[in-house]
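**Q** Turn this into a model:
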Amino acid sequence: MDENTFATLYSYAPILLMVLLFYLLLYRPQKKQQKKQMDMLSRLKKGTKVVTRGGIMGVVDSVKENTVMIEVAKGVVIEVAKPMIGTDYETKDEVEKQQQEAVEKYKAEKEAEEAAKK
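**A** Next up, the predicted model:
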């Protein structure tokens, strides 16, 4: 390679660096977030607690192909487009209950293993 080739490659370095930074800082995280959102939407089922992008909180009553029926108050059901579901959530009490159930299940399995050894 001669001197002109190196000079040409060197002049393209800032552009290549900007493209790499664009990919790492913008495109890749956005795709990751998009995949996470699609996974959450595919897991929606009756009883899932959700928050819409507009801030409405409720419980999923039924899931259709493109929409979700959300119960926002006793007897009040609204229909929301799936892409407008922001997040699903669990209350602190629900998380603690799930943790307690997991601990009890683990203890029961250990007791069963010990009983089987005797």
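**Q** Pretty sure residue 78 sits against residue 72.
**A** Yes: assessed by C-beta atoms under 8 Å, residue 78 is found in contact with residue 72 at 5.9 Å. For every residue, glycine as well, the C-beta is placed using N, CA and C.
**Q** shared neighbours, the two?
**A** Residues touching both residue 78 and residue 72 (C-beta atoms under 8 Å, 6 or more residues apart in numbering) are 56, 58.
**Q** the strands in this structure, which residues?
**A** Along the chain, counting by DSSP state E, strands occupy 49-52, 57-63, 67-73, 76-81, 85-89.
**Q** a markdown table for those, including mean pLDDT and distance to residue 33?
**A** Formatted as a markdown table, the strands of the chain follow (pLDDT from 0 to 100; distance: least, C-beta to C-beta, whole Å):
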| stretch | mean pLDDT | distance to residue 33 |
| --- | --- | --- |
| strand 49-52 | 92 | 16 |
| strand 57-63 | 93 | 21 |
| strand 67-73 | 95 | 20 |
| strand 76-81 | 95 | 19 |
| strand 85-89 | 86 | 11 |
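**Q** quick one: contacts for residue 48?
**A** Residue 48 makes contacts with 59-60, 88, as judged by C-beta under 8 Å, 6+ apart.
**Q** Mind putting the strands of the chain into JSON lines with mean neighbour count?
**A** Shown next, in JSON lines, are those (neighbours: other C-beta atoms under 10 Å):
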{"stretch": "strand 49-52", "mean neighbour count": "17"}
{"stretch": "strand 57-63", "mean neighbour count": "16"}
{"stretch": "strand 67-73", "mean neighbour count": "17"}
{"stretch": "strand 76-81", "mean neighbour count": "13"}
{"stretch": "strand 85-89", "mean neighbour count": "15"}
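**Q** Which of those sits closest to residue 31?
**A** Across the strands of the chain, residue 31 has its closest neighbour in strand 85-89 (18.2 Å, C-beta to C-beta).
**Q** quick one: residue 69 and residue 55, what's the gap?
**A** Note on residue 69: its distance to residue 55, by C-beta to C-beta, to the nearest Å, is 18 Å.
**Q** cool, residue 112 as well?
**A** Relative to residue 55, residue 112 is positioned 46 Å away (C-beta to C-beta).
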